[in-house]
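Student: Sequence plus predicted model, see below.
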Amino acid sequence: MAADIHAQQHSTSYHIKYSKSSGPGGQNVNKVNSKVEVRFDLGKADWIPAYARSKLFDKATKEGYLVTTSDTTRSPHQNLQSCLDKLVAQVTEAVEVPKEASPETKRRVLQLSWLEDAQRERQKRFRSKKKQERRKPLK
């Protein structure tokens, strides 16, 4: 419910739109506006650090909105909460600074890349040999 706290503090930064959900659900789908779309205005979100905002702009629309939708439940309130949770997760992910890989991880990645190169070279030689065997001998 951390999304509720953030949503109340920055309520001018986003717009909520309700619409009819798609898919199965019988009459409920035709009657109730249970699908929720939240459009978060990154231009007004000056509380997000610049480096994180630039990451979020890559996922945003041309107008600078970060759009999330949810129609997983029949309740518009639960779908709104789901959208806000998704927004908080996206902002949190953009703000996180990746930590430096450990030396053993770097060594393992290097070892795996060598193994992949060797495997690719073996396959290449095998294909080459197979094609050479198909050729007619030169006279």
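Tutor: Yep, that arrived. Numbers count the residues shown, from 1 in each chain.
Student: Check the offset of the helix ranked longest in the chain from the chain's centre.
Tutor: Ranked by number of residues, the top helix in the chain under DSSP state H is helix 103-134. Helix 103-134 sits 31 Å away from the centroid of its parent chain (CA atoms, centre = their mean, to the nearest Å).
Student: can you map out the helices along this structure?
Tutor: Going by DSSP H, the chain shows helices at 2-9, 27-31, 50-59, 76-95, 103-134.
Student: which of those sits most buried?
Tutor: Mean neighbours per residue, mean count of other CB atoms under 10 Å, is largest over these for helix 76-95, with a mean of 17. (Each C-beta comes from the backbone N, C-alpha and C, glycine too.)
Student: by contact count, what packs against that one?
Tutor: If you count contacts as 3 or more CB pairs under 8 Å, 6 or more residues apart in numbering; DSSP states H and E, helix 76-95 packs onto helix 2-9, strand 14-19, strand 35-41, helix 50-59, strand 65-70.
Student: so which of the ones you listed gets nearest residue 120?
Tutor: helix 50-59 (31.4 Å; CB to CB).
Student: State the mean pLDDT of the closest one.
Tutor: Mean pLDDT, computed over helix 50-59, is 89.
Student: which other residues reach that helix?
Tutor: Contacting residues not belonging to helix 50-59 are listed as 42, 45, 48, 64, 66, 90, 91, 94, 95 [CB atoms under 8 Å, 6 or more residues apart in numbering].
Student: And the residues you listed, which two are furthest apart?
Tutor: Distance extremes for the contacts of helix 50-59: the farthest pair is 64 and 95 at 18.0 Å, using CB to CB.
Student: Now do stretch 35-44: everything it contacts.
Tutor: So stretch 35-44 is contacted by 12-22, 48, 53, 56-57, 60, 64-71, 76, 79-80, 82-84, 87 (CB under 8 Å, 6+ apart).
Student: what residues go with each domain of this protein?
Tutor: The chain resolves into domains spanning 2-95, 105-139 when parsed by automatic domain parsing.
Student: any idea which of those domains scores lowest on pLDDT?
Tutor: domain 2-95 (a mean of 83).
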